[in-house]
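**Student:** My questions concern the predicted model and sequence given below.
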Amino acid sequence: MSATGNRRTWNTVTREPWNPIIKESLNAIDNHIQMYVKTGDPWHFVQADKLRDYVTDLKDWITEQEGKNI
């Protein structure tokens, strides 16, 4: 949910199957950052960064695909 308590109310056929994967990837990023803070192990920071790149690339790809389907 957003800061106002409203969930996103729109979706597309292209975006829908990817939403759960994006959500879990964001959860994994949070977990890696928590572990990095807790342990100081830089491996967790690197993994969080890789996941951020993946999510960014995936969202860009989804946007491109949606543009093709207009």
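**Tutor:** Arrived safely, thanks for sending. Numbering: from 1, shown residues only.

**Student:** Please, which helix or strand holds the residue nearest the centre of the chain?
**Tutor:** What sits nearest the mean C-alpha location of the chain, by C-alpha atoms, centre = their mean, is Ile22, with 3.8 Å. Counting by DSSP states H and E, the element that carries Ile22 is helix 19-39.

**Student:** what packs against that helix?
**Tutor:** Packed against helix 19-39 by the contact rule (3 or more C-beta pairs under 8 Å, 6 or more residues apart in numbering; DSSP states H and E) you find helix 42-68. (C-beta placed from N, C-alpha, C; glycine too.)

**Student:** For the residue nearest to the centre of the chain, list the residues it contacts.
**Tutor:** Residues counted as contacts of Ile22 (C-beta atoms under 8 Å, 6 or more residues apart in numbering) are Val55, Leu58, Lys59.

**Student:** swap the cut-off to 6 Å and go again
**Tutor:** Val55 (C-beta atoms under 6 Å, 6 or more residues apart in numbering).

**Student:** Low-confidence regions, the protein specifically.
**Tutor:** 1-9, 70 (pLDDT under 70).

**Student:** What residues sit buried inside stretch 39-51?
**Tutor:** By 16 or more other C-beta atoms under 10 Å, the buried positions in stretch 39-51 come out as His44, Gln47, Ala48, Leu51.
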